[in-house]
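> Need a 3D model of the sequence below.
(chains A and B)
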2 protein chains.
Amino acid sequence: MGDQEGEIILRPVGFIRSFYARPEFAPRQGAYSDDLSRVVIYPEFAHLLEGIERHERLIILYLFHQGRAEPSPGAFAMRTPHRPNPIGLTVVKLQERRENVLWVRGLDAVDGSPVLDVKPFVREIDCPEG
Amino acid sequence: MGDQEGEIILRPVGFIRSFYARPEFAPRQGAYSDDLSRVVIYPEFAHLLEGIERHERLIILYLFHQGRAEPSPGAFAMRTPHRPNPIGLTVVKLQERRENVLWVRGLDAVDGSPVLDVKPFVREIDCPEG
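Reported below is the predicted structural model:
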């Protein structure tokens, strides 16, 4: 990661393999789908997955890399992919890990989406009461 | 946002004003704190906040911009700030919006953290059952 004239430079840690070749084929939100997708982590980051199997659910941050458009007024009050920084966030169920590949359910990302981060989902902090 | 030789170029949409000048002063997770923080959105993006008041809770994506270190094995199974792409994610309570400034509770970000995105928290998709 770098920082230059206000720019933030990130780099994919992997990519998504899914049944959704284009945004219009993807479910509006992954929570409504039971399809299996794969989160393929590049081998150089595979050691960061150590111990991930103890988490039933994960948060996947990825890039909306297709169908770019200007954000509409109110975009921050919506989950639209058309945002200044087109980062997608989906809570998924970890079905299985095979080395550097996570098999997950509930992901709504388009095939080939670059992955930015994988985090454990922690109910106590990610699901506030009320 | 650009994409060049695998690089992903993002740009802050605002910054955080909080009581936490350094990472060691911040609560480990915002959910454990009731302090008020401000999410200051740059004026050019203020129109994207339209309608945000109807959401009681928001997801703030920001950059861990202090205390960079190499990620440790298992970083993807933890919420450590030391990650390949140091993106922080916190669910906050929206207390009040004043033009381009969101007053929120439960944010654990250090003062000055660049903001990448603001999303509405949607219980049905962000808090899976079980």
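> pLDDT score for A:Asp111?
Looking at A:Asp111, its pLDDT stands at 94.
> Distance check, A:Val104 against chain B.
With the distance defined as C-beta to the nearest C-beta, to the nearest Å, A:Val104 ends up 12 Å from chain B. Glycine gets a C-beta too; all of them are placed from N, C-alpha and C.
> burial of the residue nearest to A:Arg97 when sequence neighbours are not counted, as a residue count?
The shortest distance from A:Arg97 to any residue that is not its chain neighbour, by C-beta to C-beta, 6 or more residues apart in numbering or on different chains, is 5.5 Å, and that residue is A:Glu53. Other residues within reach of A:Glu53, judged by other C-beta atoms under 10 Å in any protein chain shown, total 12.
> Helices of chain A, residue ranges please.
Under the criterion DSSP state H, chain A carries helices at the ranges A:123-126.
> low pLDDT regions in it?
A:1-5, A:28-32 (pLDDT under 70).
> need the longest strand for it.
Of all the segments assigned as strand in chain A under DSSP state E, the longest by residue count is strand A:87-98.
> where's the residue nearest to A:Arg97 relative to A:Pro43, distance?
For A:Glu53, the distance to A:Pro43 equals 18 Å [C-beta to C-beta, to the nearest Å].
> With A:His55 instead?
From A:His55 across to A:Pro43, the span is 21 Å (C-beta to C-beta).
> neighbour count winner among these two?
Under the neighbour definition other C-beta under 10 Å, A:His55 and A:Pro43 were set side by side, and A:His55 has more, 18 against 10.
> residues contacting the more buried one?
With contact set as C-beta atoms under 8 Å, 6 or more residues apart in numbering or on different chains, A:His55 has these partners: A:94, A:120-121, B:77.
> go with 10 Å
For A:His55, the contacting residues are A:93-94, A:118-122, B:76-78, taking C-beta atoms under 10 Å, 6 or more residues apart in numbering or on different chains as the criterion.
> and of those residues, the nearest to A:Gly106?
When those are compared for distance to A:Gly106 (C-beta to C-beta), A:Lys93 wins out at 5.4 Å.
> which residues in chain A form strands?
With DSSP E as the criterion, chain A has strands at A:2-4, A:7-10, A:14-17, A:36-41, A:57-63, A:87-98, A:101-105, A:114-120.
> In JSON lines: those strands, plus mean neighbour count.
Rendered in JSON lines, the data for those read as follows (neighbours: other C-beta atoms under 10 Å in any protein chain shown):
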{"stretch": "strand A:2-4", "mean neighbour count": "10"}
{"stretch": "strand A:7-10", "mean neighbour count": "19"}
{"stretch": "strand A:14-17", "mean neighbour count": "22"}
{"stretch": "strand A:36-41", "mean neighbour count": "22"}
{"stretch": "strand A:57-63", "mean neighbour count": "23"}
{"stretch": "strand A:87-98", "mean neighbour count": "19"}
{"stretch": "strand A:101-105", "mean neighbour count": "21"}
{"stretch": "strand A:114-120", "mean neighbour count": "23"}
